[in-house]
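Novice: quick one, fold the following:
(one chain, ligands or ions: 1)
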Amino acid sequence: MGDKHPDAVQIEAADSTYVMRPWTHPAGEPVIVAKARGCTVTDVHGKDYLDLTAGYFVNNAGHCHPRIVEAATKQMGEVLQVSGKHGTIAAVRLAERLVKLAPPSVNKVFFSTGGSEANEFALKAARQFTKKPDVAYLQNGYHGLSIGSLEVTASEKYRESAGKPMGSENYAVPTAYCYRCKFGPASTCKVECLDGLEAQFQARPNTAAVIAEPVQAVGGLAPPQKWWDRMDRTRKAHGILLIADEVQTGLGRTGKMFAVEHYGLQPEIMTGGKGLSGGVGSLAMTAASNAICKEFFGGTTPTSGGNAVSAAAGLALIETIIDEALVENAAKMGRYFTEAAWAIDDPWVGDVRFTGLLGGIELVKDRTSREVLGKTEVGKVKDGLHAAGMLITVSGWHGNVLRLQPPLSITSNQIDQFIAALQKTLAAVRAG
Ligand SMILES: Cc1ncc(COP(=O)(O)O)c(C=O)c1O
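Specialist: Numbers count the residues shown, from 1 in each chain. Below is the predicted model of the structure:
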């Protein structure tokens, strides 16, 4: 327990009066955070939570890592922000570092202020380069909340938030949801889910690009290698660019620096964000091949894209990830989490899916039928975990996946604490 803030109650009341939110909060939320360190956040009442969301999948090296704080503080004494027409040493160094870490298919970086914006620029760049308007996106994919990025986001609920009909130039292609595959078990998989892809691309000769997360964060869906091989082969045969959205999967999250490395993908365009700012302000990137960069015209530039303080913090984050072997730890702790979650042996645990520390536990009524656990029960599990000091989110195609994406520095002891809380909560909710 930390200290209770003297104005805790007034701060929470002011939050509900003055802060506009996009949804209705469940009991106990929002958590107003007073302090955060490593994998722990402390609310205004002094209650500690193990943060399995890494502050919404941003603080990959843990909250307030001293090296990131130091780099940002130092930068603040030098230069804060300049016009996007110019540059800063921090932004140049970060761009160089990113290009050297990224797959060789991308050669330059355009900085913006958030993942949605980075994807908007990716869509623009793909359309400018190919001179074609259509873009394919994966079912269940998420690419942001601005109008352009919503147009290539699958969820109907999110798309409706745009308040207008979505453009007909964008269309969905199948994703790989292997746990609920209608074609049979993984052992006999011939990637039948992509049988119609060729015909879809033929029917849409104006397709500039397919935008996809290499591993879908919503629900933690990692396609098998053969799925990506077939998708990649088919899109290349039609001259379609690949935009790899690494906003959530990038910077070590999946046990590789970038998730495209798992599959040997060479996207012509790759986007990133979230942790890229080291948690200091907001920073995102659209990286592209030299050929695409040559044709690219932004028209204008985001006012604070690549601001110096976020760039310095992002650079410190990358050095920390490398020096503290956090990519390796993500891979190792992902395996640990998987084993520990299966060991719960609870009938509601239907599937456990971790790629590094991009994880999901899918809750079902029954393991054989795989019937989705109801919203009420899932909500109670989340509430129970919350009461036990575990900060998580729920996501997935059917809204029944506990999403687990802690800082990459999480330890096996902390995972054990979560697993014990989950086991107890599942049993308690089932008992009513
Ligand atoms: C895969 C992916 N793309 C894009 C975005 C949008 O990023 P932002 O919220 O920074 O605009 C997100 C955010 O959750 C994301 O997960």
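Novice: test my guess that Pro30 contacts Asp15.
Specialist: Yes - using CB atoms under 8 Å, Pro30 and Asp15 qualify as a contacting pair, with a distance of 6.7 Å. Just so you know, the C-beta spots here come from the backbone N, C-alpha and C atoms, and that holds for glycine as well.
Novice: where in the stretch 151-300 of the chain is pLDDT low?
Specialist: Flagging of the stretch 151-300 of the chain using pLDDT under 70 yields an empty set of residue ranges.
Novice: now the helices for it?
Specialist: Shown for the stretch 151-300 of the chain, the helices assigned by DSSP state H, counting those that start in this stretch span residues 156-160, 197-203, 225-237, 260-263, 290-295.
Novice: how about Met390, phi and psi?
Specialist: Backbone dihedrals for Met390, given as degrees, to the nearest 10, come out at phi -120, psi 120.
Novice: run a quick neighbour tally on whichever residue of the chain sits closest to the ligand.
Specialist: Each residue of the chain has a distance to the ligand, by CB to the nearest ligand atom, and the smallest belongs to Gly115, at 2.3 Å. By other CB atoms under 10 Å, the residues close to Gly115 number 28.
Novice: how about the contacts made by the closest residue to Lys382 other than its chain neighbours?
Specialist: When the adjacent residues along the chain are set aside, Lys382 lies closest to Val394, with 5.4 Å between them (CB to CB, 6 or more residues apart in numbering). With contact taken as CB atoms under 8 Å, 6 or more residues apart in numbering, Val394 is in contact with Val378, Gly379, Lys382, Asn400, Val401, Leu402, Arg403.
Novice: mind doing that once more with 7 Å?
Specialist: Val378, Lys382, Val401, Leu402, Arg403 (CB atoms under 7 Å, 6 or more residues apart in numbering).
Novice: quickly find the element holding it.
Specialist: For Val394, the element it lies in under DSSP states H and E is strand 393-395.
Novice: is the ligand within reach of the helix or strand following that strand?
Specialist: As assigned by DSSP H and E, the chain's next helix or strand after strand 393-395 is strand 401-404. No - legend: contact between strand 401-404 and the ligand by CB under 6 Å from any ligand atom is lacking; minimum distance shown is 10.8 Å.
Novice: neighbouring strands for strand 401-404, and are they parallel or not?
Specialist: Based on DSSP bridges, the strands next to strand 401-404 in the sheet, each with its direction, are strand 358-363 (antiparallel), strand 393-395 (antiparallel).
Novice: ok now the shortest one, how far from the chain's centre?
Specialist: In terms of CA atoms, centre = their mean, to the nearest Å, the centre of strand 393-395 is found 12 Å from the chain centre.
Novice: so for it, mean pLDDT?
Specialist: Mean pLDDT, strand 393-395: 94.
Novice: please identify the deepest-packed of the strands paired with strand 401-404.
Specialist: The highest mean neighbour count among these belongs to strand 358-363 (a mean of 26), with neighbours defined as mean count of other CB atoms under 10 Å.
Novice: what's next to it, contact-wise?
Specialist: Residues from elsewhere that reach strand 358-363, judged by CB under 7 Å, 6+ apart: 179, 215, 217, 219-220, 249, 253-254, 334, 337, 341, 348-353, 373, 378, 381, 396, 400-405.
Novice: now, those residues that are in strands?
Specialist: Helix and strand membership here follows DSSP state E; of the contacts of strand 358-363, those in strands are Val349, Gly350, Asp351, Val352, Arg353, Val401, Leu402, Arg403, Leu404.
Novice: hang on, the earlier thing: just the helices of the stretch 151-300 of the chain: most buried one?
Specialist: helix 260-263 (a mean of 20).
Novice: Val218 versus Leu265, what's the distance?
Specialist: In this structure, Leu265 and Val218 are 19 Å apart, going by CB to CB, to the nearest Å.
Novice: who in the stretch 151-300 of the chain is up against the ligand?
Specialist: So the stretch 151-300 of the chain meets the ligand at Glu213, Ala217, Asp245, Val247, Gln248, Gly273 (CB under 6 Å from any ligand atom).
Novice: same list (those residues) but as JSON lines, adding neighbour count.
Specialist: Supplementary listing: those in JSON lines, determined by neighbours: other CB atoms under 10 Å:
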{"residue": "Glu213", "neighbour count": "26"}
{"residue": "Ala217", "neighbour count": "25"}
{"residue": "Asp245", "neighbour count": "32"}
{"residue": "Val247", "neighbour count": "29"}
{"residue": "Gln248", "neighbour count": "25"}
{"residue": "Gly273", "neighbour count": "28"}
